[in-house]
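In: dropping the sequence and predicted coords here.
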Amino acid sequence: MPGLAHIRHFRAANPGYMTLEGTNQYLLGREAITVIDVALPSSDNIDGILAEVEAMGGKRIEKILLTHIHRDHCGGALALKKRSGAKIGISRGRAGYLGGEDFVYSEGDTIDYDGGKLEVVHTPGHESGHCCFYEPEFQILFTGDHILGRGTTVIAPPDGDMVQYLHSLEKLSLLKLYRLMPGHGPMVEDPYGKIREYIEHRLMRERQVIDALRDGHRTTASMVEAIYTDTPAPLHSVAQRSVEAHLRKLIQEGRVRKERERYFLVDAGP
């Protein structure tokens with residue numbers, strides 16, 4: 001990673017969690033290390049992070065930053081704080097969630113680390129308090145679950161919001177980006193291509209939802225059966241949340257109406 005010798009990552013396996021990729025936990029700095037996301041409180045994970053700090057020449061962990069409050073990103077934060085004495089930061093809208101946070105941040109805040117600075121980019125959609133961290137010198141964006149290295153992000157209402165998610169994707173396209181460092185999967189070397197891919201995927205799903213409504217499908221379960229024909233049945237519950245997120249967006253835009261648990265295109269008959 002040219003010019004980024006002071007940025008490393010340690011991947012935590014998350015058996016049984018929704019992702020099969022594990023969680024990327026990033027370590028930034030020279031002597032005083034900043035850690036982005038701590039997935040697991042297990043001794044294996046905490047020991048692994050501390051060993052990585054030593055391997056990169058770090059003397060201590062100074063800060064722990066969390067992209068969001070889903071347990072595969074914050075589940076080990078308090079355990080790492082206890083072992084290292086680091087200060088934990090969290091999105092201002094989630095203050096108090098862990099019960100052991102030391103500081104908060106929000107859109108536009110700057111957080112110094114030993115080697116540079118990070119700018120906070122609030123990216124609600126996957127989770128309402130979700131934040132990405134932008135390293136302007138190297139044009140690196142730590143994306144948490146907002147953009148993944150492989151696959152797509154789950155948008156699960158009511159906290160997940162498709163309108164906010166698409167807006168947040170558009171906002172990221174305005175940054176000068178060289179590389180994306182996602183919370184799961186490999187690094188993304190074509191940031192703008194990935195952002196376009198994500199936007200186009202969501203708009204494609206939206207068209208499929210509209211087509212399903214036009215074809216007479218009235219419930220989220222029925223729409224999933226019509227749209228996700230290649231998706232294994234055990235994953236249909238996840239797909240159903242995605243369809244619901246699209247329907248909520250379409251309702252907000254005045255394009256769909258809901259009657260009890262049934263959905264209709266506006267101006268379409270029952």
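Out: Happy to help now that I have it. Not measured: the values here are computed from a predicted model.

In: all strands in the stretch 101-250 of the chain, in order from the N-terminus.
Out: Secondary structure of the stretch 101-250 of the chain (DSSP state E, counting those that start in this stretch): strands at 103-105, 110-113, 116-122, 131-135, 140-144, 179-182.

In: among the ones you listed, which is the most enclosed?
Out: Of all the strands of the stretch 101-250 of the chain, strand 140-144 has the most neighbours on average by mean count of other C-beta atoms under 10 Å, namely a mean of 27. Just so you know, the C-beta spots here come from the backbone N, C-alpha and C atoms, and that holds for glycine as well.

In: that one versus strand 116-122: what angle between them?
Out: Per axes from the mean of the first three to the mean of the last three C-alpha atoms, to 10 degrees, the angle that strand 140-144 makes with strand 116-122 is 50 degrees.

In: what angle do strand 131-135 and strand 140-144 make with each other?
Out: 160 degrees.

In: distance between strand 140-144 and the chain's centre?
Out: Centroid separation for strand 140-144 versus its chain: 9 Å, with C-alpha atoms, centre = their mean, to the nearest Å.

In: re the thing from before, closest one to L27 among the strands of the stretch 101-250 of the chain?
Out: With C-beta to C-beta as the measure, strand 110-113 is the member of the strands of the stretch 101-250 of the chain nearest L27 (10.0 Å).

In: so, low pLDDT: which residues of the protein?
Out: For the chain, the stretches with pLDDT under 70 are 1-5, 13-20, 268-270.

In: so which helix or strand takes in L78?
Out: Using DSSP states H and E, L78 sits in helix 77-84.

In: helices and strands around that helix, which ones?
Out: When contacts are defined as 3 or more C-beta pairs under 8 Å, 6 or more residues apart in numbering; DSSP states H and E, helix 77-84 sits against helix 43-55, strand 60-65, strand 87-91.

In: quick one: neighbours of I227, just the number.
Out: 19 (other C-beta atoms under 10 Å).

In: tell me the contacts of it?
Out: Under the criterion of C-beta atoms under 8 Å, 6 or more residues apart in numbering, the neighbours of I227 are R205, Q208, V209, A212, A239, V243.

In: try 7 Å
Out: Applying C-beta atoms under 7 Å, 6 or more residues apart in numbering, we find I227 in contact with Q208, A212.

In: repeat for G149
Out: By C-beta under 7 Å, 6+ apart, the contact set of G149 is P182, H184, G185, P186, M187, V188.

In: separation between E135 and D37?
Out: From E135 across to D37, the span is 15 Å (C-beta to C-beta, to the nearest Å).

In: ugh, typo on my part, it should be T220
Out: 31 Å.

In: now A95
Out: In terms of C-beta to C-beta, A95 sits 18 Å off from D37.
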